[in-house]
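1. Sequence first, predicted coordinates after that:
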Amino acid sequence: MEENRPRIVRMLDKLRENIEHLFTKFVDEGKATVRLKEPPVDICLSKANPGNLKTFLSAVRLAHKGCDINTPLSTLTPVKTSEFEKYKTKMVITSKKDYPLSKNFPYSLEHLQASYCSLARVDMRMLCLKNLTKLDLSHNSIKKLPATIGDLTHLQELNLNDNQLETFSVPLCESTLQKSLQSLDLSKNKIKALPVQFCRFQELTNLNLNDNELRHLPFKIGQLTNLRFLSAARNKLRNLPCEFKMLSLEYLDLFGNTFEKPEVLPIIKLQVPLTLLESCGQAMLSYRIPYGRDIIPYHLCQDLDTAKTCVCGRFCLQSFIQGMTTMNLHSVAHTVVSVDNVGRTEAPVISYFCSLTCFVKSSDTLN
């Protein structure tokens, strides 16, 4: 460092009356910004030793004022591996023997992969990594997800391929992941159903549900307005929910499901006249009146959360006719994988009707 001192001094001389502002609020974290007048640029400093950074900034201030620089500049020393680890942003672990047991993960991690590590549960140390945007726990033996994964507020990609999951919890669906999660891989698990609250992942664009035991998709799936890639191949789906028609996909794969021709007779649950509860529920949903467990009883929230949508656009809670129609999957996706080896791209869809009038109008499309 000492042999480079003349060059550093010449560099600092060029800062004379040329500093617009010094941003030092986070200097204790090894971060600072020097804003120059000419050229008008910001010089961002990060991952520095706080003590050395303070010394350097003191020299910069003196240079700006035109004072002599007598501040001793530290000599260069090799960075320790432990110091470097603190600032790692990506870690990939692909074997059990490499999995860290005696030390924590670097808090600066943004991408963590821990595959083929025989994990039976999510390591709670991972949930302290607040900068994570991508978490890959594929090829393990995880049976349950902690709701605290939802505390990873910046998480955009979550890969849980090839585990032992049987459920996806409601609290996880109601976490801050609603606003951050963009890609979710749940393929090769044992999931039988997804809660209706699953459709609150408003930013989700890529969803892989291949090779599970799903008998139906969440019937509010139409609320996933940003979804573009959907795979649910090799499950046990018998039909699709009515709101599936509202999707706008680029890619759809439903191959290998047990789609069956439904019964001809519809299920009739019409109530005439409508109950007060039904009328109030329809009005709340139609006018988008906010509701929650702190406002109305929990069972009423459930009724509103699971309300059906008639083909005419009106809502149904307990009063409706349920029928079955067939849709061509190309109507919701640009690229469609056929549902069987014959090459069919049609699938049965559950439809709801708020009145006999709506049912009759649509009777020509019913099976």
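-> Right, received. Where do you want to start? Numbers count the residues shown, from 1 in each chain.
2. use CA for all of it now, contacts and neighbours both
-> Fine.
3. Check whether residue 139 really touches residue 165, as I assumed.
-> No: Residue 139 lies out of contact with residue 165 (Cα atoms under 8 Å); the separation is 11.6 Å.
4. after the helix or strand harbouring residue 304 comes which helix or strand?
-> Element membership for residue 304 (DSSP states H and E) is helix 298-305. Once helix 298-305 ends, the next helix or strand along the chain (criterion: DSSP H and E) is strand 308-309.
5. quick one: strands adjacent to that next one?
-> strand 315-316 (antiparallel) (DSSP bridges).
6. Residues contacting the partner strand, please?
-> 278, 282, 285-286, 307-310, 353-354 (Cα atoms under 8 Å, 6 or more residues apart in numbering).
7. circling back: quick one: contacts of the helix holding residue 304?
-> Contacts for helix 298-305 (Cα under 8 Å, 6+ apart): 196, 281, 285, 291-293, 317.
8. need those residues in a markdown table with neighbour count and pLDDT, can you?
-> Formatted as a markdown table, the contacts of helix 298-305 follow (neighbours: other Cα atoms under 10 Å; pLDDT from 0 to 100):
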| residue | neighbour count | pLDDT |
| --- | --- | --- |
| 196 | 17 | 89 |
| 281 | 21 | 92 |
| 285 | 17 | 91 |
| 291 | 14 | 90 |
| 292 | 12 | 87 |
| 293 | 11 | 84 |
| 317 | 18 | 92 |
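9. So which of the residues you listed are in helices?
-> If you go by DSSP state H, the contacts of helix 298-305 have 281, 285 in helices.
10. Please identify which of the contacts of helix 298-305 is nearest to residue 115.
-> residue 196 (29.4 Å; Cα to Cα).
11. Identify the residues contacting the closest one.
-> 218-220, 305-306.
12. which of the residues in the helix holding residue 304 are buried?
-> Using 16 or more other Cα atoms under 10 Å as the test for burial, helix 298-305 gives 301, 303-304.
13. hey, where'd the helices end up in the stretch 201-350 of the chain?
-> Using DSSP state H, counting those that start in this stretch, the helices of the stretch 201-350 of the chain run over 276-286, 298-305.
14. Save those as JSON lines, and put in distance to residue 25 too.
-> Listed next are those as JSON lines, based on distance: least, Cα to Cα, whole Å:
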{"stretch": "helix 276-286", "distance to residue 25": "48"}
{"stretch": "helix 298-305", "distance to residue 25": "46"}
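15. Out of these, which gets nearest to residue 32?
-> helix 298-305 (48.6 Å).
16. Return the angle between stretch directions for the closest one and helix 276-286.
-> Relative orientation of helix 298-305 with respect to helix 276-286: 50 degrees, computed using axes from the mean of the first three to the mean of the last three Cα atoms, to 10 degrees.
17. Off-centre distance for helix 298-305?
-> 25 Å (Cα atoms, centre = their mean, to the nearest Å).
18. CA atoms only: put it into CSV for me.
-> Taking C-alpha atoms only, helix 298-305 is exported to CSV below (Å, rounded to 0.1, in the frame of the first residue of the first chain):
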residue,chain,number,x,y,z
TYR,A,298,-65.4,-17.1,10.7
HIS,A,299,-67.9,-19.4,9.0
LEU,A,300,-69.3,-16.5,7.1
CYS,A,301,-65.8,-15.7,5.8
GLN,A,302,-65.5,-19.3,4.6
ASP,A,303,-68.8,-19.0,2.8
LEU,A,304,-67.7,-15.8,1.0
ASP,A,305,-64.2,-17.2,0.3
